[in-house]
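1. I would like to see how this sequence folds:
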Amino acid sequence: MIMTHYMELLSSPLNLILFMAIPVILAETIAISEFYILFNNVTSGPVKTLSRVCSIIAGVYFTGVFVYLFFNAVIPLTQTGQWRGVVDVVAVGFYLAGIVPFAGMALLELGLIGKARDARGKMALHAIFVSIFLVVAHIAMIAGMLDPTVAGWRPSAEAPAAGHMNHSGH
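-> Predicted structure coming up:
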């Protein structure tokens, strides 16, 4: 089986922690706290603070992930023509699309967007951002687990199948 670059990236334990565990733990903490906040009509307190802090951390952290992967994976793969077909591009593209909801949540919590919204409107926007992240992350995971050859990609001498992109910085 040939792996997508997404799965290849996550095959290292350190990369799994940095690129999957940390963002997903933050997202799940935000999502669970969001349910609590919405169902209990919470406007302040420790759960609201937890959600706010995780949202800001997630936005800042994933901005770093985005920048790192864009310059160390996306640009080199594009310049050298080493993408492993549409499945590979979808997996990496949707993973990186997580920057939109994560940055949105951080900017919302920092008061840089949504200023004209009332508390309920901000809560709705936050819930939309959480939902968007869950959708793009799951699309990335599903596409990332596919063998790129199922969508028609075939390895060639110019585009090696695996082992030539080391995103870990080692």
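
2. and the residue nearest the centre of the chain, what are its phi and psi?
-> With distances taken as C-alpha atoms, centre = their mean, the chain has Gly98 as the residue nearest its mean C-alpha position (3.7 Å). Dihedral angles of Gly98 (phi, psi; degrees, to the nearest 10) stand at phi -60, psi -20.

3. wait, doesn't it sit right on Tyr61?
-> No. Judged on C-beta atoms under 8 Å, Gly98 makes no contact with Tyr61 at a distance of 10.7 Å. (Glycine included, C-beta is placed from N, CA and C.)

4. give me the common contacts of the two.
-> Listed as contacting both Gly98 and Tyr61 by C-beta atoms under 8 Å, 6 or more residues apart in numbering are Pro23.

5. centre of the chain to stretch 139-147, how far?
-> Shown here is stretch 139-147, whose average C-alpha point lies 13 Å from the average C-alpha point of the whole chain (C-alpha atoms, centre = their mean, to the nearest Å).

6. what residues sit buried inside it?
-> Of the residues in stretch 139-147, those scored as buried under the neighbour-count criterion (16 or more other C-beta atoms under 10 Å) are Ile139, Ala140, Met141, Ala143, Gly144, Leu146.

7. try stretch 40-60
-> Neighbour-count burial for stretch 40-60 [16+ other C-beta under 10 Å]: Val47, Leu50, Ser51, Arg52, Cys54, Ser55, Ile56, Ile57, Ala58, Gly59.

8. what mean pLDDT would you report for it?
-> pLDDT averaged over stretch 40-60 equals 96, rounded to a whole number.

9. C-alpha coordinates for that stretch, CSV please?
-> Listed in CSV are the C-alpha atoms of stretch 40-60, where the atom choice follows Å, rounded to 0.1, in the frame of the first residue of the first chain:
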residue,chain,number,x,y,z
ASN,A,40,-26.5,25.1,30.0
ASN,A,41,-26.7,28.7,28.6
VAL,A,42,-23.3,29.5,30.2
THR,A,43,-22.0,33.0,29.8
SER,A,44,-19.0,32.8,32.3
GLY,A,45,-17.2,30.4,34.5
PRO,A,46,-14.5,27.7,34.3
VAL,A,47,-15.9,25.9,31.2
LYS,A,48,-16.3,29.1,29.3
THR,A,49,-12.7,30.1,30.3
LEU,A,50,-11.5,26.6,29.2
SER,A,51,-13.2,27.0,25.8
ARG,A,52,-11.7,30.5,25.4
VAL,A,53,-8.2,29.5,26.3
CYS,A,54,-8.2,26.4,24.2
SER,A,55,-9.6,28.4,21.2
ILE,A,56,-6.8,31.0,21.5
ILE,A,57,-4.1,28.3,21.9
ALA,A,58,-5.5,26.3,19.0
GLY,A,59,-5.6,29.3,16.7
VAL,A,60,-2.0,30.3,17.5
